[in-house]
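# no letters, just coordinates:
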């Protein structure tokens, strides 16, 4: 018996959508305007026809004070986009052309 399995994603993007109560000491990506950025990312992925790029909204990625955060796998590259133009650059450079956007890379530290 042969299963017709889909091909794995070339890139899989995880975007923190964690919402914490106002004033929470760790903050949250949602409180830092993450949702409009992730909506933009979803729209740009669709507009570019990137069927081999998956995107998922997640809970906390563990670095709340640095947000909004996203991680691109399989490379494991963390990004901290702040504006819609940052999303456009990540899509074009990293997701289309496989070149990470160094100026937006965030190195997680504890």
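Ah, there it is. Remember, predicted model here, so these are calculated numbers, not experimental data.

# for the closest residue to residue 70 other than its chain neighbours, report the pLDDT, please.
Leaving aside its sequence neighbours, residue 70 sits nearest to residue 15 (C-beta to C-beta, 6 or more residues apart in numbering; 4.5 Å). Every residue, glycine included, has its C-beta placed from N, CA and C. pLDDT, residue 15: 95.

# state the mean pLDDT of the helix or strand harbouring residue 78.
Taking DSSP states H and E as the definition, residue 78 sits inside strand 77-79. Average pLDDT, strand 77-79: 97.

# packing partners for it?
strand 70-73 (3 or more C-beta pairs under 8 Å, 6 or more residues apart in numbering; DSSP states H and E).

# which residues are contacting the strand it packs on?
11-16, 38, 41, 61, 77-79, 81, 90, 94-95, 100 (C-beta atoms under 8 Å, 6 or more residues apart in numbering).

# circling back: how about the secondary structure of the residue nearest to residue 70?
strand (DSSP: H, G, I helix; E, B strand; the rest coil).

# for it, what are its contacts?
Residue 15 touches 34, 37-38, 41, 55-58, 68-70, counting by C-beta under 8 Å, 6+ apart.

# that older thread, tell me the helix or strand right after the strand holding residue 78.
Assigned by DSSP H and E, the successor of strand 77-79 is helix 84-90.

# give the buried residues for that next one.
Of the residues in helix 84-90, 86-87, 89-90 count as buried by neighbour count, 16 or more other C-beta atoms under 10 Å.

# low pLDDT regions in the chain?
1-3, 5, 25, 110 (pLDDT under 70).

# and the lengthiest helix in it, what does it pack onto?
Once the chain is assigned using DSSP state H, the helix that runs over the most residues is helix 34-47. When contacts are defined as 3+ C-beta pairs under 8 Å, 6+ apart, helix 34-47 sits against strand 11-16, strand 53-58, helix 84-90.
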